[in-house]
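here is my input, please return the structure:
(one chain, ligands or ions: 1)
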Amino acid sequence: MTDATQVREELRRWIEAEWDPELSLVEWRARLADAGWACPTWPREWCGRSLPAAFAEIVADELASAGVPGAPDGVGMHLAAPTMLEHGSVDLKRRLLRPTVTGELIWCQLFSEPGAGSDLAGLTTRAERDGDDWIVTGQKVWNTGAAQAAFGLLLARTDWDVPKHRGITYFAIPMQQPGIEVRPLRQMNGHASFNEVFLDNARVPASNVIGAVNDGWKVALTTLAHERRLAPSRRIASGRRITGRAWREAIAERVAVSEPHKWYPQRAGRTDLVIERAAAAGKATDPVVRQEIVKLVALAWSAKWTAQRAAAARALGRPPGPEGSLGKLASSNIARAAARVHALIAGPSGMLAGSDSPLDGIIAEILLSVPAISIAGGTDEIQHNIIAERILGLPRESETDRDVPFRSVPRNT
Ligand SMILES: Cc1cc2nc3c(=O)[nH]c(=O)nc-3n(C[C@H](O)[C@H](O)[C@H](O)COP(=O)(O)OP(=O)(O)OC[C@H]3O[C@@H](n4cnc5c(N)ncnc54)[C@H](O)[C@@H]3O)c2cc1C
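A predicted model of the protein is given here:
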């Protein structure tokens, strides 16, 4: 039985012996990875210590209070690494896990296509075998952070003569190559965090297949399950000890990595601002505004408690339940309710952007960003379908293209 106090003490002793603020960030994270403290719940041979799930938070807390940087945030740690841990070959894990943990490799997700979003298994990007490589041609879209990424988590069709879910292969594709062009897209809230990615005879080594050839759908489900969990960002340690080379690099990295996500707090609705805004606008005693605020806060608290119950169940080693889809739907409902309350409080001034607008345009950014939360990582309607079919056991939605060879499925060209 591993004891939390014991783990905290062991980590404190280790930090005391190993932490040197003048190390580069990569050198420091290499020490963390080799000692298993970077990702303590991962297996010992892969940068972890095989500790139970509950210890992730304990170790993160201890690293933050000791004032040392931890593992990086982003698609690499939240999606690529768990997917490789579950399905990757030993060779792939050996080459790609450690540099992901040290932050040397930045990742993006190349799933969605112009004709395949909710119906992801209908994707038409093709990969064909050519000696030791696969050659990939097609188009991806809505790919967050693709312009900065070294590797992409790519789904491509490798067999057109079987039903759609059975002919997909999952690759870790190097992004910096002549066959890949990344074009940024501008969103209605003014940011440009997404990209279109054009693949024209792009190459990916056969050894970069994750899972088995044509079995990529199973691997994709692992990534999507992790995506639905909407992992929170790692905490930056308390201010007084943030000095030295490793921290300078960690802060620069955080700024660069969070650039595409800097509107994400607004996308979640900024429930934290409603009371302050109601007071500032002189509406804190308006009975209608008060009623709407209370409804919103009750919704947000009940979602938080549901998430905490789910985390406690995970920490006890229970299998994941419906909480991923329920939590994702709750986030959409909270964001929409928060946008309504902000609009009620701000009135027409909520439409203004610029320095003389409420909170320097933050309210307008909330109103323009909230729709994204009910789309990213699977839309609300898709979460409803998952809950209906997999949790409530209702009959499956009728699909005419499920059991026929993909080649014969009618589609737009
Ligand atoms: C902030 C954000 C970040 C993203 N980042 C990435 C990324 O990094 N990589 C990536 O690959 N993709 C990314 N996406 C894309 C995202 O995964 C897709 O937008 C999403 O899966 C929906 O697909 P779609 O846009 O093609 O919509 P569609 O699938 O065309 O859906 C259109 C509408 O039809 C509804 N609908 C579709 N099918 C059904 C059905 N069976 N039953 C009921 N209703 C249905 C949908 O709910 C939706 O309302 C991102 C999206 C957002 C908003």
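
the most centrally placed residue in the chain: which element?
In the chain, the residue lying closest to the centroid (C-alpha atoms, centre = their mean) is Glu227, at 4.9 Å. Counting by DSSP states H and E, the element that carries Glu227 is helix 216-228.

for that helix, which positions count as buried?
By neighbour count on 16 or more other C-beta atoms under 10 Å, the buried set for helix 216-228 is Gly216, Trp217, Val219, Ala220, Thr222, Thr223, Leu224, Ala225, His226, Glu227, Arg228. Heads up, the C-betas are built off the backbone N, CA and C, glycines and all.

thought the last one was touching Ile382?
No. Counting by C-beta atoms under 8 Å, Ile382 is not a contact partner of Arg228; they are 10.3 Å apart.

how close does Arg129 get to Arg203?
11 Å (C-beta to C-beta, to the nearest Å).

any common contacting residues for those two?
Ile135 (C-beta atoms under 8 Å, 6 or more residues apart in numbering).

for the ligand, what's its nearest residue on the stretch 201-350 of the chain.
The minimum distance from the stretch 201-350 of the chain to the ligand, using C-beta to the nearest ligand atom, falls at Arg267 (6.9 Å).

what helix or strand is the nearest residue to that residue once chain neighbours are set aside located in?
Using C-beta to C-beta, 6 or more residues apart in numbering and skipping residues adjacent in sequence, the residue nearest Arg267 is Ser369, 4.1 Å away. Using DSSP H and E, the element containing Ser369 is helix 362-369.

quick one: mean pLDDT for that helix?
For helix 362-369, the mean per-residue pLDDT is 96.

now what about it, what contacts it?
188-190, 263-264, 266-267, 269-270, 273, 277, 338-339, 342-343, 346, 349-353, 357.

repeat the analysis, applying 6 Å as the threshold.
Outside of helix 362-369, the residues within contact range by C-beta atoms under 6 Å, 6 or more residues apart in numbering are Met188, Asn189, Trp263, Gln266, Arg267, Arg270, Ala339, His342, Ala346, Gly350, Met351, Ala353.

mind checking which helix or strand the last one is in?
In other words, Ala353. Counting by DSSP H and E, Ala353 is part of no helix or strand.

excluding covalently adjacent residues, which one is nearest to it?
Nearest to Ala353 is Gly361, by C-beta to C-beta, 6+ apart, at 3.8 Å.

and the residue nearest to Arg267, how far from the ligand?
Counting by C-beta to the nearest ligand atom, to the nearest Å, the gap from Ser369 to the ligand is 9 Å.

near the ligand, which residues of this structure?
109-112, 117-118, 142-144, 372, 375-376, 378-379, 381-382, 385, 397 (C-beta under 6 Å from any ligand atom).

rerun at 5 Å
Listed as neighbours of the ligand in the chain under the rule C-beta under 5 Å from any ligand atom: 109, 111-112, 117-118, 142-144, 372, 375-376, 379, 381.

what about the residue nearest to Arg267, neighbour count?
Around Ser369 there are 25 other residues, counting by other C-beta atoms under 10 Å.

same question for Asp356.
Neighbour count for Asp356, taken as other C-beta under 10 Å: 9.

and for Leu97?
Neighbourhood size, Leu97 [other C-beta under 10 Å]: 24.

and the pLDDT for the residue in the chain that the ligand sits nearest to?
Of all residues in the chain, Gly117 sits closest to the ligand, at 1.9 Å by C-beta to the nearest ligand atom. pLDDT for Gly117: 93.

report the contact partners of it.
By C-beta under 6 Å, 6+ apart, Gly117 has no neighbours at all.

the strands in the stretch 101-250 of the chain, which residues?
In the stretch 101-250 of the chain, the strands defined using DSSP state E, counting those that start in this stretch lie at 107-110, 126-130, 133-141, 151-157, 168-174, 180-185, 194-205, 209-210.
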